[in-house]
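Undergrad: Provided below for reference: sequence and predicted model.
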Amino acid sequence: MNDRLRTVHVGLGTIGLEVLKAGVRAGICEPVACVDIAPQVAGRSLREVLPGEDLPELAVSGDLESALEAAAAAEAELAVVCTGSSVEAVEPQLTAAMERGLSCISTCEELVFPWLRAATEADRLDAVAVTNRVSLLGAGVNPGFVLDLFPFVMTRVCQRVDKIYAGRFLNASLRRQQLQAKIGSGMHPDDFRELASQGRIGHVGLAESGALLADSLGWPWGEFEETIEPIVAEERVSSAHFQIAAGQVCGQHERLTMGDLRLELVMAHGEEERDEVRIEGLPPVHAIVSGGIHGDIAAAGAVINFMWPLMAAEPGLRTVTEVPLA
């Protein structure tokens with residue numbers, strides 16, 4: 001086995017760059033091609049984009065086809081796709097990579113358990129992976145670990161599992177501007193509710209986490225109730241990116257109920273950070289991660305640590321509870 005995987009990196013936004021840096025620093029990735037359509041990135045070298053990192057003098061391509069051609073010439077093994085949140089958005093990129101014999105790992109939230117909202121696309125992707133004898137995986141921290149893989153692993157000490165609660169609580173003030181905007185910071189509550197009703201605001205992946213956890217336990221996941229509500233500031237709140245007046249939105253509260261499974265996600269300015277799992281069963285289990293698991297850093301860690309296990313997995317579309325952890 002080579003010491004490092006020859007990788008092509010598709011998408012060099014915040015998470016894409018974090019994954020690339022982490023993979024190189026850990027000695028897991030050897031980037032041989034990369035692509036991003038953003039004009040401030042395309043055409044520059046990786047060393048310009050990430051100064052101070054030990055990176056090759058690779059030019060960032062502005063189109064996927066050119067990057068995949070370069071990847072083929074360099075005998076790449078794995079595509080790292082950090083672009084869209086929906087399976088519909090990333091399916092063409094994943095298909096193109098797999099048809100060139102590349103296994104794929106992606107931070108696409110829906111891909112963690114795509115059979116919930118994108119079963120047709122999931123079946124197509126699985127067929128492409130099997131035909132080309134490669135593997136495909138959606139990975140990350142949330143979804144992909146905190147509210148699905150983590151509680152699933154905790155159940156492995158239980159003789160019987162009756163009910164599960166998992167919650168994640170984030171202080172949005174400490175997160176990047178993109179996340180603060182995504183939770184509706186500074187909005188009027190009515191505007192938040194309108195966007196939420198259209199699916200245009202809020203976290204992507206809570207239901208996928210629930211379905212992945214339920215499916216891994218052999219529980220039904222087809223029926224569920226999911227709600228999202230704004231958290232309204234009682235007094236003025238400030239962050240590096242937003243000034244929020246009393247009465248405006250300072251966060252969001254999402255809940256999911258799926259049979260005997262309950263998930264909760266709170267992202268709000270000033271929220272005390274923690275991750276929590278409670279399992280009712282034999283024996284009962286209660287775990288709290290004080291301070292929570294950092295989003296961006298942990299997302300990159302989750303992706304790079306699944307790279308080699310994915311390469312050893314059976315061809316097809318896999319989940320993080322199917323692929324060996326080492």
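TA: Done, it's in.
Undergrad: tell me how many other residues crowd Leu58.
TA: 19 (other Cβ atoms under 10 Å). Just so you know, the C-beta spots here come from the backbone N, C-alpha and C atoms, and that holds for glycine as well.
Undergrad: pull up the gap between it and Leu46, please.
TA: Relative to Leu46, Leu58 is positioned 5 Å away (Cβ to Cβ, to the nearest Å).
Undergrad: what do you get for Cys34?
TA: Distance of Cys34 to Leu46, computed by Cβ to Cβ: 6 Å.
Undergrad: which residues are common contacts for the two?
TA: In terms of Cβ atoms under 8 Å, 6 or more residues apart in numbering, Cys34 and Leu46 are both contacted by the residues Leu20, Leu58, Val60.
Undergrad: and those residues as TSV, adding pLDDT?
TA: Shown next, in TSV, are the shared contacts of Cys34 and Leu46 (pLDDT from 0 to 100):
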residue	pLDDT
Leu20	97
Leu58	93
Val60	96
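Undergrad: pLDDT below threshold where in the stretch 51-200 of the chain?
TA: Within the stretch 51-200 of the chain, no stretch has pLDDT under 70.
Undergrad: ok, which stretches of it are strands?
TA: Taking DSSP state E, counting those that start in this stretch as the test, the strands found in the stretch 51-200 of the chain are 78-81, 103-106, 135-138, 160-171.
Undergrad: in CSV, list those along with distance to Lys182 and mean neighbour count.
TA: Output for the strands of the stretch 51-200 of the chain, formatted as CSV (distance: least, Cβ to Cβ, whole Å; neighbours: other Cβ atoms under 10 Å):
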stretch, distance to Lys182, mean neighbour count
strand 78-81, 20, 26
strand 103-106, 19, 28
strand 135-138, 19, 27
strand 160-171, 11, 19
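Undergrad: can you put these in CSV and add distance to Ala42?
TA: Shown next, in CSV, are these (distance: least, Cβ to Cβ, whole Å):
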stretch, distance to Ala42
strand 78-81, 17
strand 103-106, 20
strand 135-138, 25
strand 160-171, 32
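Undergrad: so Glu280, which of the three states?
TA: Judged by DSSP: H, G, I helix; E, B strand; the rest coil, the three-state class of Glu280 is strand.
Undergrad: can you name the residues in contact with stretch 305-314?
TA: For stretch 305-314, the external contacting residues (Cβ under 8 Å, 6+ apart) are 5, 7, 23, 28-29, 77-78, 80, 103, 105, 135, 137, 139, 318, 320, 322-326.
Undergrad: please redo it, this time with the cut-off set to 6 Å
TA: Leu5, Ile28, Ser103, Ile105, Ser135, Leu137, Ala139, Val323, Pro324 (Cβ atoms under 6 Å, 6 or more residues apart in numbering).
Undergrad: swap in stretch 144-159?
TA: For stretch 144-159, the surrounding residues in contact (Cβ under 6 Å, 6+ apart) are 112, 161, 164, 166, 168, 209, 212-213, 216, 263, 275, 277, 281-282, 285, 293, 302, 320-321.
Undergrad: go on, stretch 181-194?
TA: Contacts with stretch 181-194, where a contact means Cβ under 6 Å, 6+ apart, come from Ala172, Ile201, Pro230, Val232, Phe242, Ile244, Gln248, Val249, Gly251, Gln252, Met267.
Undergrad: which residues touch the residue most central in space within the chain?
TA: Taking Cα atoms, centre = their mean as the criterion, Gly140 is the residue nearest the geometric centre of the chain, at 3.7 Å. Listed by Cβ under 6 Å, 6+ apart, the contact set of Gly140 reads Thr107, Ala299, Ala302.
Undergrad: now do 10 Å
TA: By Cβ atoms under 10 Å, 6 or more residues apart in numbering, the contact set of Gly140 is 15, 19, 82, 105-109, 111-112, 146, 205, 295, 298-303, 306, 320.
Undergrad: please apply the same query to Glu223.
TA: So Glu223 contacts Thr257, Met258, Gly259 (Cβ under 10 Å, 6+ apart).
Undergrad: among those residues, which one sits closest to Ala42?
TA: Met258 (41.3 Å; Cβ to Cβ).
Undergrad: how deep is that closest one tucked in, by neighbour count?
TA: 22.
Undergrad: how far away is it from Val81?
TA: 27 Å.
Undergrad: all helices for the protein, in order.
TA: 14-25, 46-49, 64-73, 87-98, 119-131, 149-154, 177-182, 189-197, 206-216, 295-305, 307-311 (DSSP state H).
Undergrad: thank you kindly, that will do.
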